[in-house]
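[1] Could you look at this predicted model? Sequence included:
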Amino acid sequence: MIVTGREVINMSISLGLEDVFIKYTSLTSIDGEKGELRYRGYDIKDLVEHCSFEEVAYLMFYGELPKRDELEHFKSNVMKNYKIPENVKNIIKNMPRDGDALAIMEAAFAALSTEEYTWEKERDREKAAEIMGRALGIVSAVFRYRDGREIKDPENKGYAEAFLNACFDSGIDEDKIKAMNAALILYIDHEVPASTTAALVASSTLSDMYSCVTAAIAALKGPLHGGAAEAAYKQFLAIKSPENVDSWFNENILNNKKRLMGFGHRVYKTYDPRMLIFKELARKNAKTDEQKKILELAERLEALGVKNFGQKKIFPNTDYYSGIVFNEIGFPLYMFTTLFALSRVVGWVAHISEYVESEERLIRPRAIYIGPEKRDVVPIDKR
Ligand SMILES: CC(=O)SCCNC(=O)CCNC(=O)[C@H](O)C(C)(C)COP(=O)(O)OP(=O)(O)OC[C@H]1O[C@@H](n2cnc3c(N)ncnc32)[C@H](O)[C@@H]1OP(=O)(O)O
Ligand SMILES: O=C([O-])CC(=O)C(=O)O
């Protein structure tokens with residue numbers, strides 16, 4: 001029962017769609033109480049330890065981990081799409097150089113949505129490999145453009161290595177490739193967060209795949225969702241040094257009631273399991289004094305956050321340490337959300353394919369009207 005101020009309405013509303021189930025899925029399961037996350041039944045820790053990003057992407061698209069020949073075939077389909085068309089490069093190069101990196105990625109994806117698309121299982125899988133390849137070409141191009149360098153066509157290598165080599169001219173080693181591969185797996189999918197829901201809404205109208213991904217990118221951008229890694233890292237930079245953590249927390253979080261970014265989650269009521277893996281990666285890859293200082297500061301802030309908010313079931317989420325890992329690999333703050341999107345493209349495409357292929361329905365919820373009663377228009381001179 002809902003009281004709108006005017007009347008009592010006998011229907012239910014879920015603000016923020018909390019606990020509303022909008023689809024069946026065989027892709028990802030989350031136990032928010034226990035802090036467990038599985039892709040098609042496999043624990044994410046297991047996948048990070050044993051698999052490449054392409055293997056896990058194949059798992060998401062096809063339902064099983066690939067055999068060696070299946071993987072090679074899939075990889076070559078992804079690789080042949082690393083190089084992006086000239087018109088897409090030009091769109092990137094025509095965006096403001098200091099513009100938001102994710103917005104530039106979004107424009108590049110929108111530019112790829114001009115072709116008509118008919119959904120069909122075989123074609124959807126080919127398109128999925130194409131989109132994964134294109135995402136690598138686009139995100140590396142966005143980074144190089146934003147960084148003031150010439151766009152470089154990616155080499156035909158495994159995804160994490162090809163991506164880092166396309167982004168950087170030197171300094172890439174095995175540790176960085178492993179960290180990138182792990183980050184890509186950790187971000188692949190997360191059931192139906194805001195961005196995936198946006199993609200699903202678009203797909204439910206039978207729009208094309210690139211447009212659905214563009215819708216998802218738009219929803220990922222904000223600091224309550226994909227933008228949180230950048231927001232969390234900005235906090236670390238504002239705090240400057242581990243000694244300042246307590247006073248910063250008291251002033252900003254306790255006194256000024258700001259949200260602690262990188263904390264809290266709609267589904268997890270305990271530690272996000274991805275965050276625990278990102279924290280290990282951040283520890284392993286902290287090499288310089290500056291990186292070690294940021295990590296120490298973040299750990300102190302995490303402890304204070306858990307001490308103050310743990311009883312409200314607010315714990316660090318995946319975006320708390322991921323920015324530190326991205327920075328240790330060599331990426332600046334402005335790329336963090338784009339790196340999230342690079343991986344999540346897989347989850348978006350897997351979810352929209354699952355939705356359309358199971359002939360689900362148009363997503364069209366209702367709103368409860370609480371505005372004025374019927375009234376007559378007063379002509380403009382008499383208002
Ligand atoms: C990859 C991802 O997208 S993970 C999420 C990334 N986002 C962030 O890290 C941003 C910070 N976190 C948040 O803003 C929220 O926790 C969200 C948006 C992630 C989830 O929000 P919701 O489920 O809608 O929770 P809601 O906003 O209703 O908050 C519930 C209560 O917890 C509090 N709360 C939630 N998150 C935080 C936080 N990070 N810091 C302080 N308090 C918080 C709210 O103030 C509210 O308190 P109240 O009941 O006393 O008013
Ligand atoms: O599930 C959510 O709401 C947000 C999240 O953690 C993700 O998309 O990875």
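    Cool, the structure landed. Ligands and ions are numbered 1, 2, ... in the order given.
[2] Could you check how far residue 50 is from ligand 2?
    To ligand 2, residue 50 is 21 Å away according to C-beta to the nearest ligand atom, to the nearest Å. For glycine as for every other residue, the C-beta is placed from the backbone atoms N, C-alpha and C.
[3] What's the separation between that residue and residue 270?
    The gap separating residue 50 from residue 270 is 25 Å, by C-beta to C-beta, to the nearest Å.
[4] Over to residue 135?
    Applying C-beta to C-beta, the value for residue 135 to residue 270 is 31 Å.
[5] same check, this time on residue 196
    Taking C-beta to C-beta, one finds residue 196 at 22 Å from residue 270.
[6] From the neighbour counts alone, determine which of the two ranks first.
    Legend: neighbour count by other C-beta atoms under 10 Å for residue 196 and residue 270, higher for residue 196 (28 against 15).
[7] any idea which element that one lies in?
    Assigned by DSSP states H and E, residue 196 belongs to helix 194-203.
[8] helices or strands up against that helix?
    helix 209-220, helix 336-357 (3 or more C-beta pairs under 8 Å, 6 or more residues apart in numbering; DSSP states H and E).
[9] avg pLDDT for it?
    Confidence over helix 194-203 (mean pLDDT, whole number) is 98.
[10] Any part of it near ligand 1?
    No - between helix 194-203 and ligand 1, judged by C-beta under 6 Å from any ligand atom, nothing touches; the nearest distance is 7.5 Å.
[11] hang on, the earlier thing: wait, which of the helices and strands packed on helix 194-203 is closest to residue 141?
    helix 336-357 (10.9 Å; C-beta to C-beta).
[12] Does stretch 30-40 reach ligand 1?
    No - Stretch 30-40 lies out of reach of ligand 1 by C-beta under 6 Å from any ligand atom, never closer than 10.7 Å.
[13] for the longest helix anywhere in the chain, the distance to its chain's centre please.
    Using DSSP state H to define each element, the chain has its longest helix at helix 121-146. Centre-to-centre, helix 121-146 and its host chain are 15 Å apart (C-alpha atoms, centre = their mean, to the nearest Å).
[14] swap in stretch 182-193?
    7 Å.
[15] and the gap between residue 270 and residue 291?
    28 Å.
[16] any idea where the helices of the stretch 51-200 of the chain begin and end?
    53-62, 68-79, 86-93, 101-111, 121-146, 159-167, 174-187, 194-203 (DSSP state H, counting those that start in this stretch).
[17] can you redo the ones you listed as TSV with distance to residue 334?
    Formatted as TSV, these follow (distance: least, C-beta to C-beta, whole Å):
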stretch	distance to residue 334
helix 53-62	22
helix 68-79	26
helix 86-93	14
helix 101-111	5
helix 121-146	7
helix 159-167	13
helix 174-187	17
helix 194-203	19
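[18] Could you save the ones you listed as CSV and add columns showing distance to ligand 2?
    Shown next, in CSV, are the helices of the stretch 51-200 of the chain (distance: least, C-beta to the nearest ligand atom, whole Å):
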stretch, distance to ligand 2
helix 53-62, 14
helix 68-79, 22
helix 86-93, 25
helix 101-111, 14
helix 121-146, 16
helix 159-167, 19
helix 174-187, 7
helix 194-203, 6
